[in-house]
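Visitor: Take a look and give me a structure for this.
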Amino acid sequence: MDRVPVRYRRSRLRATVALVLLRPLILVLTGVALLVSGCGGGDQEATDGYVERVNAVQQRFVESAEEIGREAGDARRIGQALDRLRRSVDQTADEIGRIKAPAEVVPEHRRLVEVLRAYGRQIRTARAGVRSRDPARQARAVEQLSRAVKRTSEQFTKAIDSINAKLRS
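Guide: Prediction:
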């Protein structure tokens, strides 16, 4: 039986992490774009201000995500990319958390921030696993991150949909 050199397995694992990294960025950005394009109704001035502020945060996140995506393409620097992704997600959660949401969407807005904060914690956990020299632990970390991406995407989309529904009514 041929054995795959550990060096090759690690490189392949890091490339897998890079792919897992890019997916959440696109999904989260799509969710924010849905919020921005779907607003209307209620106190239009307050709603417009809310949308503008969320859009500004989204734009900064897009710029950061593009940089991180380029960095994640280099398998040797995947750890740095995960660190930067976590910081970017945490900063985005902080900025969105400071935005005053219209009264009718305050609980949904808080949920959106909670989802982002939880995702930042999941990235931190995955980073520790990827940093390990144990291939089994690295593989578990990639799997956990993959599940976190899916879960975060679903929760984020649900929060955005709730916000959109209330702002339209």
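Visitor: My guess is V113 contacts A93. True?
Guide: Yes: with the criterion set as CB atoms under 8 Å, V113 and A93 qualify as a contacting pair; they are 5.3 Å apart. For the C-beta atoms, the positions are set from N, CA and C on the backbone; glycine is no exception.
Visitor: So what's the residue count around R117?
Guide: Here the neighbour count serves as a burial measure; for R117 (other CB atoms under 10 Å) it reads 16.
Visitor: State the helix or strand in which it lies.
Guide: Secondary structure from DSSP states H and E places R117 in helix 106-131.
Visitor: Quick one: classify A101 as helix, strand or coil.
Guide: Of the three states, A101 takes coil under DSSP: H, G, I helix; E, B strand; the rest coil.
Visitor: How much space separates it from R53?
Guide: Per CB to CB, to the nearest Å, A101 is found 9 Å from R53.
Visitor: neighbour-wise, which of the two wins?
Guide: Between A101 and R53, counted using other CB under 10 Å, the more crowded position is A101 (23 against 16).
Visitor: my read: the more buried one touches H109, true?
Guide: Yes: using CB under 8 Å as the test, A101 is close enough to H109 to be in contact (3.6 Å).
Visitor: and the closest residue to R124 other than its chain neighbours, what does it touch?
Guide: With CB to CB, 6 or more residues apart in numbering as the criterion, R124 has its nearest non-adjacent residue at 5.5 Å, and that residue is R86. For R86, the contact set (CB atoms under 8 Å, 6 or more residues apart in numbering) comprises G120, I123, R124, R127.
Visitor: Number of residues surrounding the first one?
Guide: To tie it back to what came earlier, the one meant is G120. Taking other CB under 10 Å as the neighbour definition, G120 ends up with a count of 20.
Visitor: Which PyMOL command selects the buried ones in the contacts of R86?
Guide: One line in PyMOL is enough to select the buried ones among the contacts of R86; burial here means 16 or more other CB atoms under 10 Å:
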select buried, resi 120+123+127
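Visitor: Tell me which of the contacts of R86 has the lowest pLDDT.
Guide: For the contacts of R86, the minimum pLDDT belongs to R127; the value there is 83.
Visitor: In three-state terms, label the residue lying closest to that residue once chain neighbours are set aside for me.
Guide: If you skip the residues right next to it in sequence, R127 has L82 as its closest partner in space, 4.3 Å away by CB to CB, 6+ apart. Classification of L82 by three-state DSSP places it in helix.
Visitor: All good on my end, thank you.
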